[in-house]
Structures are given as structure tokens and as C-alpha cells.
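Novice: Structure of the sequence below:
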Amino acid sequence: MQAAEKLIRKQFMISPDQARKLEILARQEKTSAAAMVRRAIAAYNPGLPSDMEESELLELVSAKVKEVIEETRNTRIRLDRTLERLSMETT
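Specialist: Purely as a prediction, here's the structure:
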């Protein structure tokens, strides 16, 4: 924690099992239980799969972008053909 960081005191209720786990984790990491809670909050992101590494996520995003680009190209080809047909029908 940086010295300039402003912290707000909060009180939460947790189960005895959660309290034991928090103390064990804090001891293993040689930090405080409060620091462990702050880390957990900072790391929590329900929108991302938690079991994926950053490189795996980048590969997934890259694959999806390539897929969308290919679909866009195919749509443009179909659109150009349709416009060409319509142009020929009106002449």
C-alpha cells in the first residue's frame, strides 16, 4: 500500500471458516488480512473467466476479431454482388 493512498474503514461480517482462511492466507503472504481483502477486491472481475491467463485472453480476443473481420468481408462481397445485380436490373 502506498502512503498517499486514502483508505476508508468498512466493517463486514464473515464466517469463522472465512476468517481462518483469511488469516492463513495473510500469514502465508506475510501481509495483513486487510491487505488480502484489498487484493481480493482488486482481482475480482466477474466479467472475465478467472481460469484464463492474460495471453490466453489475448489469443481468444485475436481469434474473435479475425472471425469478425472474415464475416465482414463475406458480407461486403454479398452486398457488392446484390448491388451489382440491382444495378443491372434498373438499367
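Novice: Got the domain ranges for the protein?
Specialist: Recorded structural domains for the chain (assignment: automatic domain parsing) are 13-44, 52-91.
Novice: Highest mean neighbour count across those domains, which stretch is it?
Specialist: Greatest average neighbour count among the domains of the chain goes to domain 13-44 (a mean of 12), per mean count of other CB atoms under 10 Å. C-betas here are computed from N, CA, C, even on glycine.
Novice: From residue 56, how far off is residue 62?
Specialist: Relative to residue 56, residue 62 is positioned 11 Å away (CB to CB, to the nearest Å).
Novice: okay if I get the domains of the chain as CSV plus mean pLDDT and distance to residue 5?
Specialist: What follows is the domains of the chain, written out as CSV (pLDDT from 0 to 100; distance: least, CB to CB, whole Å):
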stretch, mean pLDDT, distance to residue 5
domain 13-44, 93, 10
domain 52-91, 90, 25
